[in-house]
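Trainee: Got a sequence here, can you build the structure:
(2 chains)
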Amino acid sequence: DTGVSQDPRHKITKRGQNVTFRCDPISEHNRLYWYRQTLGQGPEFLTYFQNEAQLEKSRLLSDRFSAERPKGSFSTLEIQRTEQGDSAMYLCASSSTAAGDTEAFFGQGTRLTVV
Amino acid sequence: AQRVTQPEKLLSVFKGAPVELKCNYSYSGSPELFWYVQYSRQRLQLLLRHISRESIKGFTADLNKGETSFHLKKPFAQEEDSAMYYCALIPTGTASKLTFGTGTRLQVTL
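Mentor: Below you'll find the predicted structure:
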């Protein structure tokens, strides 16, 4: 594995359904981030983990959103009762705090369409 | 709270012309600034950051704390530079979340 992978790449769901996305970070990276990107905007931070601990959540992350990183490796982002406004690209990134490196490596993203 | 502003949504230049993508930021502390690039059908990737002070693919960017700017420059644009460019910042040394601008699409035409 040489990069961050996200699954699925595309998801179409009906309003009101629950969806779950998965992110596999670069294996030695202890930090994992979720961002959301809508058309014409830059990525907006949602939440991040250091190992298995969720250290920060954005106010963008409503109660319908939950993220986990149970063993400090892969992470899941679940959206319950999806709404049309949830349609966006969901990006995962990982980084390492070793040696003070601050570069974030991004996955290809999961594009969610709520119909 | 920090903020990054990229005033141009689209910048169109001819091949061989100079390029300058503008980025201004607001942050009360000491920021670390980045330029990320996304080529067509590829993932977002780091282009350069101010602390390394290096030139990548002919691009440079200088942090101007007085003007709170971090403009990206290249003296001669190439077709392969066509992409979406995002300026971003984090508080220095925190390895924390990135705050992105809205991005500028660079279009290099013949």
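Trainee: Quick check: which element contains the residue sitting nearest the centre point of chain B?
Mentor: Nearest residue to the geometric centre of chain B (CA atoms, centre = their mean): B:Trp35, 3.6 Å. If you go by DSSP states H and E, B:Trp35 is part of strand B:31-38.
Trainee: send the alpha carbons of that strand over as PDB?
Mentor: What follows is strand B:31-38, C-alpha atoms only, in PDB (Å, rounded to 0.1, in the frame of the first residue of the first chain):
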ATOM      1  CA  PRO B  31       1.200  29.800  10.300                       C
ATOM      2  CA  GLU B  32       2.700  27.200   8.100                       C
ATOM      3  CA  LEU B  33       1.500  27.700   4.600                       C
ATOM      4  CA  PHE B  34       1.100  25.200   1.800                       C
ATOM      5  CA  TRP B  35       0.100  24.900  -1.800                       C
ATOM      6  CA  TYR B  36      -1.800  21.700  -2.700                       C
ATOM      7  CA  VAL B  37      -2.600  20.800  -6.400                       C
ATOM      8  CA  GLN B  38      -5.100  18.600  -7.900                       C
END
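Trainee: That strand pairs with which strands, parallel or anti?
Mentor: Under the criterion DSSP bridges, strand B:31-38 sits next to strand B:45-49 (antiparallel), strand B:83-91 (antiparallel) in its sheet.
Trainee: so which of those gets nearest A:Gln50?
Mentor: strand B:83-91 (14.4 Å; CB to CB). C-beta: built from backbone N, CA, C; applies to glycine.
Trainee: So which bits of chain A are right by chain B?
Mentor: Neighbours of chain B within chain A, by CB under 8 Å from any CB of the partner chain: A:3-4, A:31, A:33, A:35, A:40-45, A:48, A:56, A:91, A:93, A:95-97, A:100-109.
Trainee: which ones are touching the nearest residue to the residue nearest to the centre of chain B once chain neighbours are set aside?
Mentor: Using CB to CB, 6 or more residues apart in numbering or on different chains and skipping residues adjacent in sequence, the residue nearest B:Trp35 is B:Leu47, 4.4 Å away. By CB atoms under 8 Å, 6 or more residues apart in numbering or on different chains, the contact set of B:Leu47 is B:Phe34, B:Trp35, B:Tyr36, B:Val37, B:Ile56, B:Lys57, B:Phe59, B:Leu72, B:Tyr85.
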